[in-house]
Structure formats: C-alpha cells, structure tokens
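>>> Please find the sequence and the predicted model below.
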Amino acid sequence: MIVVAWCGFLLAPGAALAGTLDQQQATDTSTAKTVSIAQGVAQTFTAGVTGNLDQVDLKLSRNGTPTVDLGVEIRDVSGGQPGNRILAGTLVPPASVPATAQFVPVTMDPQAPVVTGGQYAIVLYSFAGSAVNDYAWFFARLPAGDPYQGGGLFSTASPPSGPWFDEQADAAFKTYVVPSTPPATGQPAAPLKKCKRKHGAKRKHCRKRAKRLPV
C-alpha cells in the first residue's frame, strides 16, 4: 500500500526555481521509456545537499495528443529501488510537455525534504493510453561506465507500486534543493553569562572573547 506523505497536487510545472542545482544526469542516447497506463518509470538519485527539493528538470516529450496529466512524485528508496513513501508530488498537464524532447521544469509543492547522502526516487506515471497518446522520459544506456553513479532507472507496471525492473540505464534529470539554514554559531549562553558576571558592564569584551557577532 502506498503511504502518502503530502496533500494535494500542483496542477502545473513552474518555470522559476528557488533551489540550487544539486544532482544531474543530462545525457541521453536518443532512447526513452514510455510513461502510460501500462508503465511507470523512476530514476533514483543520491542527495548532495540537506534541505528541501523544490524542483526537478526532466527530459520529456509527449507522443500524440495525451489528454491525461503526467504525474511526478518524489519518493523514498527501499532496498535500492523506489519505495512507496511519497514525499512530494505534482501533476503536469499535457500542454506543458513538448512534442520534441527537452528538459521540462517541474515544481514540487509541497517541497520534499532530503538529506545529504540519502537516496530518493523521481517517479513518473500516467493513465494516458499506451503506444499512441502517452509520454516519454529520455535516458542513457550504460554500454561503458555509469553516467550517474548515485542511482539508476527503473520501470514497473502502472500505477507504480513495484516490483521494479532495473533498466541498467540513467534517465536525464536535474534536481534543485533549497539548503537548510545552518545552525547559529557562537559561545553558549551559560559561558557568556559567566563572562558578563566577571567583567561587569564589559559586554563587548565578552563578545570579543567569544568571537561572537553583536547581539
């Protein structure tokens, strides 16, 4: 059973991004996996920044004239494969996916929390009819080496709930993350108070000794 950890869908991808580029695999071998009522597709990745993933760019195209949206989710990874826990998701309308392959920006709202070194999955699905009016996600085969070593491309029956088949390939994608605010630095409150008691009104002296910024 799929565990949903977010509420609602954003009905259109966004063009602007708030986060910074984290992971990417921008190459393809002019081959694509179909995303339709018959097949779901996923790319796993390893986060390099702790924060909130707010956007993914996916190299997509549409086949024919699909009338059903393309679903995009960020999930956990379990046992090296896409898991069932959904961290964020959105729906991309057919008009936002070009007829020829190009990177399409997709805004995640709510944003997906990610942790440095943690593995996650970008999962695509649709209830569009197969073979004629559906979507395609472009990827690179692995004839020599591994273009993206932090994850891999998987496929499954739709709706995507596994088991997943390892395609021995990497989809073309980019992830963007808003980094978490670093914790405040400075002398702990107790030592600072002790310094103030010792030196009286010389608060600047205490801050200087603690190498603190003025408060």
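Looks like it came in fine.

>>> okay, CA-based contacts and neighbour counts for the rest of this
Noted.

>>> Report the residue ranges of every domain in the protein.
According to automatic domain parsing, the chain is divided into the following domains: 3-179, 184-215.

>>> Deepest-packed of these, please.
Among those, domain 3-179 has the highest mean neighbour count (mean count of other Cα atoms under 10 Å), at a mean of 20.

>>> In JSON lines, list the domains of the chain along with mean pLDDT.
Listed next are these as JSON lines, based on pLDDT from 0 to 100:
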{"stretch": "domain 3-179", "mean pLDDT": "89"}
{"stretch": "domain 184-215", "mean pLDDT": "52"}
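
>>> Just the C-alpha atoms of stretch 132-148, please, in CSV.
Only the C-alpha atoms of stretch 132-148 are listed here, as CSV (Å, rounded to 0.1, in the frame of the first residue of the first chain):
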residue,chain,number,x,y,z
VAL,A,132,-0.3,6.3,-29.2
ASN,A,133,-1.1,9.1,-26.7
ASP,A,134,1.4,9.0,-23.8
TYR,A,135,4.7,10.4,-22.5
ALA,A,136,8.4,9.6,-22.9
TRP,A,137,11.3,10.1,-20.5
PHE,A,138,14.7,10.0,-22.2
PHE,A,139,17.7,8.1,-20.8
ALA,A,140,21.2,7.0,-21.4
ARG,A,141,22.1,3.3,-21.7
LEU,A,142,25.2,2.0,-19.9
PRO,A,143,27.4,0.5,-22.6
ALA,A,144,30.6,1.7,-20.9
GLY,A,145,30.7,3.0,-17.4
ASP,A,146,27.8,4.6,-15.5
PRO,A,147,26.8,8.2,-16.4
TYR,A,148,25.2,8.7,-13.0
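
>>> Now do it: everything it contacts.
Contact with stretch 132-148 is made by 24-25, 27-36, 58-67, 70, 101, 126, 128, 168-172, as judged by Cα atoms under 8 Å, 6 or more residues apart in numbering.

>>> Pull the contacting residues for G19.
Contacts of G19 (Cα under 8 Å, 6+ apart): L53, D54, Q55, Y176, V177, V178, P179.
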